[in-house]
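Q: Sharing a model prediction with you, sequence too.
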Amino acid sequence: MRNFNITDAVPVPIRVVVVPPATKLPAALQLMRERRIHHLVVGELERVMGVVSDRNLFERGLTGTDELCLSRTATVESVMCRLDHTITEHSDLREAIHLMRALDCSALPLVRDGHPIGIVTETDLLRLLELALGRDEATGNPAEQAADRGLVALSNPLVQNLMFLLAEAGI
């Protein structure tokens, strides 16, 4: 079976937004809104400590406009997904999927020499699966239409390996 690495799912490097662990939750939410992103890497200097998502904030009672529900003293450190170790752009996709599930994280930062260079998200994994199943990005045609052109997605070994990986991980 082919081993997929992270760069199969997400291009790197990209600009990653890093906030210190003492960042207040309302400030984190505002930053996410301004940048139109769903995840922030939490860290200091060359140490990635975790990742916080908009879901983490919503789980704390914060909704789109109801910022009064959120404690003004709560920090991203109190709601982040804590990471004991990180993954790199060369990490096996299976390792990333396993880690995301084990930690119940919707995203993982990718690290090179202690610095975050990207983030892989559940959406990235689904996009990879969609491409592997035969969606034609140029035309937007789903796999059924691609099959009309002689591409049978489910018989593709790449698709079979990726589906096995996701099924093994319980996704």
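A: Perfect, thanks for sending it. On a predicted model such as this, the values are computed, not experimentally measured, just so you know.
Q: Show the residue spans covered by the strands in this structure.
A: 18-19, 39-44, 47-53, 81-82, 107-112, 115-121 (DSSP state E).
Q: Those: which one's closest to Ser91?
A: Nearest of the strands of the chain to Ser91, taken as Cβ to Cβ: strand 107-112 at 7.7 Å. Placement of C-beta: from N, CA and C, glycine included.
Q: what is the mean pLDDT for that closest one?
A: Across strand 107-112, the average pLDDT comes to 90.
Q: other SSEs contacting it?
A: For strand 107-112, the contact count by 3 or more Cβ pairs under 8 Å, 6 or more residues apart in numbering; DSSP states H and E identifies strand 47-53, helix 93-103, strand 115-121 as packing neighbours.
Q: How is the chain divided into domains?
A: Following automatic domain parsing, one gets these domains for the chain: 6-121, 126-168.
Q: If I average pLDDT within each of these, which one is lowest?
A: Note on the domains of the chain: domain 126-168 shows the lowest mean pLDDT, a mean of 57.
Q: returning to what we had before: so for Leu131, which of the helices and strands packed on strand 107-112 sits nearest?
A: Closest of the helices and strands packed on strand 107-112 to Leu131 is helix 93-103, at 13.3 Å (criterion: Cβ to Cβ).
Q: other SSEs contacting the closest one?
A: Using 3+ Cβ pairs under 8 Å, 6+ apart: helix 93-103 touches strand 107-112, helix 122-132, helix 157-168.
Q: Just the buried residues of that helix, please?
A: 93-97, 99-100 (16 or more other Cβ atoms under 10 Å).
Q: Let me know the closest of these to Met49.
A: So of the buried residues of helix 93-103, ranked by how close each gets to Met49 (Cβ to Cβ), first place is Leu99, at 14.8 Å.
Q: residues contacting the nearest residue to that closest one once chain neighbours are set aside?
A: In space, and not counting its chain neighbours, Leu99 is closest to Leu108: 6.2 Å by Cβ to Cβ, 6 or more residues apart in numbering. Counting by Cβ atoms under 8 Å, 6 or more residues apart in numbering, Leu108 touches 51, 83, 86-87, 96, 99-100, 119-120.
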